[in-house]
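**Q** I would like the atomic coordinates for the input below:
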Amino acid sequence: MTISIEQLKQQIMTFLDGDPNENPWVKGKPQPEQIDVVKYNNEWPLIFTEQKQSISNVLANQFISIEHVGSTAVPTLAAKPVIDIDLIVQSPNDESRYLAALESLGYELTVRELSWYQHRMLRLAEPRVNLHIFPQNCPEHIRHLLFRDWLITHPKDCALYEETKLSAKMGTNDVVTYNLNKNEVVKRIYQHIFAELDTLLPALLITNY
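**A** The predicted structure is shown next:
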């Protein structure tokens, strides 16, 4: 279904939750793990490039785009040493088109959220990668790009976010709690982004809409 630019903008500015009754964990809830936020590592973009090439090779023409997102995609920003990648496909629900190929690279399906943008997450243990799968034109994916690009070009918000991340990790070994601890500042930065959405969005629509 084709939607207008105005409808897409409203979807981007609306943070939806999935069905609270849906169990997204494919193999059970993850075990607690130490939340580390470390100094920026110049190896992170190289790891992304290697993974992008591997994914491209095994999927051939079964994907639309592959993007480095999250804090490891922002030069100089401290981050958890986990590479976040968004893989955009025509229909995440059609797992036959990508799942076995990604598993051949060592990725393991850990999250399946049918009610939230058809989201899947696959985890790679070494190097540590979280591979998020979304459909074309997905508002969550576009928010990822907007947030990444905003932090790259707005050093004050980038510094605020780094300070928040370092504080959010204290006393928790739970990623959900860590993310909740950052939520207020993340939403504040998104409000800065949304105030300029008319200017920022067209550049993304070339490849994302």
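**Q** Okay, helices next: where are they in this structure?
**A** 5-12, 43-59, 99-103, 139-153, 155-168, 175-194, 197-208 (DSSP state H).
**Q** Quick check: which of those helices is buried the most?
**A** helix 139-153 (a mean of 19; mean count of other CB atoms under 10 Å). Heads up, the C-betas are built off the backbone N, CA and C, glycines and all.
**Q** That one packs against which elements?
**A** Helix 139-153 sits against helix 5-12, strand 65-69, strand 83-89, strand 129-135, helix 155-168, helix 175-194, helix 197-208, with contacts defined as 3 or more CB pairs under 8 Å, 6 or more residues apart in numbering; DSSP states H and E.
**Q** re the thing from before, would you reformat the helices of the chain as CSV and include distance to Pro20?
**A** CSV is the format used below for the helices of the chain (distance: least, CB to CB, whole Å):
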stretch, distance to Pro20
helix 5-12, 20
helix 43-59, 32
helix 99-103, 26
helix 139-153, 17
helix 155-168, 23
helix 175-194, 14
helix 197-208, 28
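**Q** Distance to Ala73 and mean pLDDT added to those helices, as a markdown table?
**A** Shown next, in a markdown table, are the helices of the chain (distance: least, CB to CB, whole Å; pLDDT from 0 to 100):
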| stretch | distance to Ala73 | mean pLDDT |
| --- | --- | --- |
| helix 5-12 | 19 | 94 |
| helix 43-59 | 7 | 98 |
| helix 99-103 | 20 | 98 |
| helix 139-153 | 5 | 97 |
| helix 155-168 | 12 | 97 |
| helix 175-194 | 15 | 95 |
| helix 197-208 | 15 | 79 |
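**Q** Of the helices and strands packed on helix 139-153, give the one that comes closest to Glu113.
**A** strand 129-135 (10.2 Å; CB to CB).
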